[in-house]
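1. test case, fold it:
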Amino acid sequence: NCPTLKPLLIHENILANKLFPYNFYAALVCISKIDKQAKDNFDRYILKAELLEMINSFYKFALEKEPPSERTIHRQINKLKKWEPKVIKEVGDKYRIRTNGANILNYKFLGAYELPSEQIITLLKDNNRNILRLYLVICVNTYINNELAPLDRKTLAEKMGMSINSERELKIIGKMANKLADLDYIDL
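-> Take a look at the predicted model:
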């Protein structure tokens, strides 16, 4: 299912907050499915009984990484349940993962942005946990009034909730941007 587009939340409380477990949220979006019987066919669902097994296999086979411990998984789920805007909710025997169905034309209205699964997986494989967030920040801030807008490191740092006065954080942004350019996801 790699070419499938997956909608990821881009709300400013999420992208600009370093405490939001964005990589874990993106992994949940990748392993969850649309429930055809649900009223909303935008949000995605995962059975509670399958959660641990699916996360483990996603990390092992898709990301080629050691999966998080069961305790960490439950801690991240609890963190997502408390987040504003609501990101995950228990609905019977399932978790509902909020994605606000999206497409390129209406993502700002719906608060989500679609990326192909293979792109999400590639970005989640990177050791820097912020690279996926940075890429989404670039995606949603590149076009302003249908014109290509240049972005600098300070603007990107500000949009990600990082200090614009910290040379260290600006260097981190630069390294991540170089990585995205190496992957041909952006032009510097």
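2. contacting residues for the most centrally placed residue in the chain?
-> Using CA atoms, centre = their mean, the residue of the chain that lies closest to the mean C-alpha position is Ala26, 4.2 Å off. Each residue near Ala26 by CB atoms under 8 Å, 6 or more residues apart in numbering is listed here: Lys6, Leu8, Ile120, Leu124, Leu132. All C-beta spots, glycine's among them, are computed from the backbone N, C-alpha and C.
3. helix, strand or coil for the second one?
-> Looking back up the chat, that one is Leu8. Recorded secondary structure, Leu8: strand (DSSP: H, G, I helix; E, B strand; the rest coil).
4. beta-bridge partners for it, please?
-> Partner residues in beta bridges with Leu8, using DSSP bridges, are Tyr113.
5. neighbours around it, how many?
-> Per other CB atoms under 10 Å, the neighbour tally for Leu8 reads 25.
6. from Arg153, how far out is it?
-> As for Leu8, its distance to Arg153 is 23 Å (criterion: CB to CB, to the nearest Å).
7. and for the first one?
-> Applying CB to CB, the value for Lys6 to Arg153 is 28 Å.
8. just among the contacts of Ala26, which is most surrounded?
-> The member of those that has the most neighbours, counting by other CB under 10 Å, is Leu8 with 25 neighbours.
9. contacting residues around that one?
-> Contacts of Leu8 by CB under 8 Å, 6+ apart are Tyr25, Ala26, Val29, Thr99, Ala112, Tyr113, Glu114, Leu115, Ile120, Leu136.
10. quick one: the helices in the chain, in order.
-> Counting by DSSP state H, the chain forms helices over residues 12-15, 22-31, 51-57, 70-82, 107-110, 117-125, 131-142, 153-159, 167-182, given from the N-terminal end onward.
11. distance from the chain centre to the first one, please.
-> In this case it means helix 12-15. Going by CA atoms, centre = their mean, to the nearest Å, the spacing between the C-alpha centre of helix 12-15 and its chain's C-alpha centre is 10 Å.
12. quick one: mean pLDDT over it.
-> When pLDDT is averaged over helix 12-15, the result is 85.
13. ok, stretch 48-58 next?
-> Regarding stretch 48-58, the rounded mean pLDDT is 96.
14. need the CA coordinates for it. PDB is fine.
-> In PDB, the C-alpha atoms belonging to stretch 48-58 read as follows (Å, rounded to 0.1, in the frame of the first residue of the first chain):
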ATOM      1  CA  LYS A  48      -7.000  -2.000  20.200                       C
ATOM      2  CA  ALA A  49      -6.200  -5.800  20.200                       C
ATOM      3  CA  GLU A  50      -4.000  -5.400  17.000                       C
ATOM      4  CA  LEU A  51      -2.200  -2.200  18.100                       C
ATOM      5  CA  LEU A  52       0.900  -3.600  19.600                       C
ATOM      6  CA  GLU A  53       1.400  -6.200  16.900                       C
ATOM      7  CA  MET A  54       0.900  -3.800  14.100                       C
ATOM      8  CA  ILE A  55       3.200  -1.200  15.600                       C
ATOM      9  CA  ASN A  56       5.900  -3.800  16.100                       C
ATOM     10  CA  SER A  57       5.700  -5.100  12.600                       C
ATOM     11  CA  PHE A  58       5.600  -1.500  11.100                       C
END
